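*Asks:* give the three-dimensional model of this entry:
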Amino acid sequence: MKPHSQPRLRVRVSSRAESAIRSGHPWVYGDSIREVNRDGKSGELAVIYDRRDAFLALGLYDPGSPIRVRVLVAGKPTAIDNAFWKSRVETSLLARVNRVGENTDGYRLIHGESDRFPGLVVDRYASTLVLKIYSRAWLPFLPFIRDALVELIQPKVIVLRMSRNSSNPEAQEIGATDVTTPLSALGSGGFLLFGELAEHRVIFLESGLQFEAEVVHGQKTGFFLDQRENRRRVESLSAGRRVVNTFSYSGGFSVYAARGGATQVTDVDINPHALEAGGRNFARNTPLFRLGCSRTSIRADVFEWFQGGGSSEPYDLIVVDPPSMAKREAEREDAVRAYGRLAAGAICRLAGRGILVSASCSAHVSQDEFFQSVLSACAASRRKFREIERTTHPPDHPSGFAEAAYLKCIYVAFD
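*Replies:* As a prediction, the model looks like this:
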């Protein structure tokens, strides 16, 4: 399968990049490339050769990205055809069999580089799939991914989402791949790959609870599926507690807490649409709550709210799960300090025998840096505390190389 008819694109890289590729790293940065035989176009298959002019790897070329080549195969030449894509998709699906728990039809099917789909993810929400690409280089190959998903999963709908850093193409460019109908009335870079989308809010099950995923306009692919295991853990800790869920988005932690026996849940988020979604998710699951749990929503900047901008009411369990604080390496140190401030603010709102649940999704902040920032805030509070648990990635979000390890969460109990 050759998306372009020009002579094969040949790339040679630095010795350091060679070593990284041999060790399984899926990215080749632009500054690692020593030689290219011609100007390459986005979506071309680039063949990488080593210093002895032997085949090293094959990947997707993206001249507009700092990640110039996203490696598909390494070590041995492989035909990139229909059978290749079907096999890759099938392998990802098999890796998730019996891994996400019962009564759950919302989970990640393909997790980018860690499933050997560099720059592409697919999430399942019941019978709707959302495919999100982080590089324009995937555009020529969308028909093959779509066909494999339709054959193996038989979804009713497949929605394509484009990341901001992939420089959303025009509808005409997407349409040229002969696989999509532009969702022109919806905006936000959403396109229809397969089926008909009757409603943007797709209802799915997670651990027997019903949630909505806003599959066209929502963050990520419409829901934060990667926090499923932590939501389950919060449910097990919530009986008889007053729970506050900061950066609540659509209220997932709150719904689990309510089913776990929380007496009160409070969602805090600066986005009114997120709070409204949280209210809908709470309402649709009310029959499953063991006790008469009440819900309150507060629209506020969480940093300011912790500093006293709102009620001084103490809580028994506080979840702090902010969006990424470091989009790039230059923001790492500020992010580490911000995590410490959030932890300190939460601790001040914790009642006796309270529990802090603090999470980070910033890949540029290491696990050690994040956990230390939270524990330093705990120590500075002069309250007695003990660490309960640390968690990382759920089974459907594997981290196959260092840069993929973004998610971390720590549970701390106070006297």
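*Asks:* could you use CA atoms for every contact and neighbour count after this?
*Replies:* Fine.
*Asks:* give the contact list for Tyr256.
*Replies:* Residues near Tyr256 by C-alpha atoms under 8 Å, 6 or more residues apart in numbering: Arg231, Arg232, Val234, Glu235.
*Asks:* most neighbours, which of the residues you listed?
*Replies:* Val234 (24 neighbours; other C-alpha atoms under 10 Å).
*Asks:* which residue packs closest to it, ignoring adjacent ones?
*Replies:* Once flanking residues are discounted, Val234 sits nearest to Ala257: 6.2 Å by C-alpha to C-alpha, 6 or more residues apart in numbering.
*Asks:* could you say which helix or strand contains that neighbour?
*Replies:* Using DSSP states H and E, Ala257 falls within helix 252-259.
*Asks:* what is the rounded mean pLDDT of that helix?
*Replies:* Taken as a whole, helix 252-259 has a mean pLDDT of 98.
*Asks:* same check, this time on stretch 66-77
*Replies:* The pLDDT scores in stretch 66-77 average 96.
*Asks:* would you mind measuring from Gly40 to Glu102?
*Replies:* Per C-alpha to C-alpha, to the nearest Å, Gly40 is found 46 Å from Glu102.
*Asks:* when the two are compared, which one has more neighbours?
*Replies:* Using other C-alpha under 10 Å as the criterion, Gly40 and Glu102 rank with Gly40 on top: 19 against 11.
*Asks:* so the more buried one lies in a strand, does it not?
*Replies:* No - the assignment for Gly40 (DSSP: H, G, I helix; E, B strand; the rest coil) gives coil, which keeps it out of a strand.
*Asks:* contacting residues for the residue nearest to Val234?
*Replies:* The contact partners of Ala257, by C-alpha under 8 Å, 6+ apart, come to Arg231, Val234, Glu235, Ser236, Leu237, Ser238, Ala239, Val243, Val265.
*Asks:* what's near enough to touch Lys384?
*Replies:* So Lys384 contacts Phe414, Asp415 (C-alpha under 8 Å, 6+ apart).
*Asks:* may I have the strands that pair with the strand ranked longest in the chain, each with its orientation?
*Replies:* In the chain, ranked by residue count with DSSP state E as the criterion, the top strand is strand 350-360. Strand 350-360 has the following strand partners under DSSP bridges: strand 315-320 (parallel), strand 408-414 (antiparallel).
*Asks:* export it as CSV, just CAs?
*Replies:* C-alpha atoms of strand 350-360 as CSV (Å, rounded to 0.1, in the frame of the first residue of the first chain):
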residue,chain,number,x,y,z
LEU,A,350,-9.9,17.7,55.1
ALA,A,351,-11.8,16.7,58.3
GLY,A,352,-10.3,14.4,60.9
ARG,A,353,-9.7,10.9,59.5
GLY,A,354,-10.0,12.3,56.0
ILE,A,355,-8.5,10.9,52.8
LEU,A,356,-6.7,12.8,50.0
VAL,A,357,-6.8,11.3,46.5
SER,A,358,-4.4,13.2,44.3
ALA,A,359,-3.8,12.5,40.6
SER,A,360,-1.6,13.8,37.8
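*Asks:* now it: average pLDDT?
*Replies:* For strand 350-360, mean pLDDT rounds to 97.
*Asks:* also stretch 263-272?
*Replies:* If you average the pLDDT over stretch 263-272, you get 97.
*Asks:* ok, and what's touching that stretch?
*Replies:* The contact list for stretch 263-272 (C-alpha under 8 Å, 6+ apart) reads 239-249, 251, 254, 257-258, 275, 278, 291-302.
*Asks:* hang on, the earlier thing: as a markdown table, the contacts of Ala257 with distance to Arg22 and secondary structure would be great.
*Replies:* Below are the contacts of Ala257 laid out as a markdown table (distance: C-alpha to C-alpha, whole Å; DSSP: H, G, I helix; E, B strand; the rest coil):
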| residue | distance to Arg22 | secondary structure |
| --- | --- | --- |
| Arg231 | 38 | helix |
| Val234 | 41 | helix |
| Glu235 | 43 | helix |
| Ser236 | 43 | helix |
| Leu237 | 44 | helix |
| Ser238 | 47 | coil |
| Ala239 | 50 | coil |
| Val243 | 48 | strand |
| Val265 | 50 | strand |
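*Asks:* ok, which pair from these is furthest apart?
*Replies:* The most widely separated members of the contacts of Ala257 are Ser236 and Val265, with 14.6 Å between them, by C-alpha to C-alpha.
*Asks:* give me the more crowded residue out of the two.
*Replies:* Neighbour totals were compared for Ser236 and Val265, and Val265 leads with 27 against 15 (other C-alpha under 10 Å).
*Asks:* relative to strand 315-320, how tilted is the helix holding Ala257?
*Replies:* On the basis of axes from the mean of the first three to the mean of the last three C-alpha atoms, to 10 degrees, helix 252-259 is oriented at 150 degrees to strand 315-320.
*Asks:* tell me how far helix 252-259 is from the chain's mean position?
*Replies:* On the basis of C-alpha atoms, centre = their mean, to the nearest Å, helix 252-259 sits 20 Å off its chain's mean C-alpha point.
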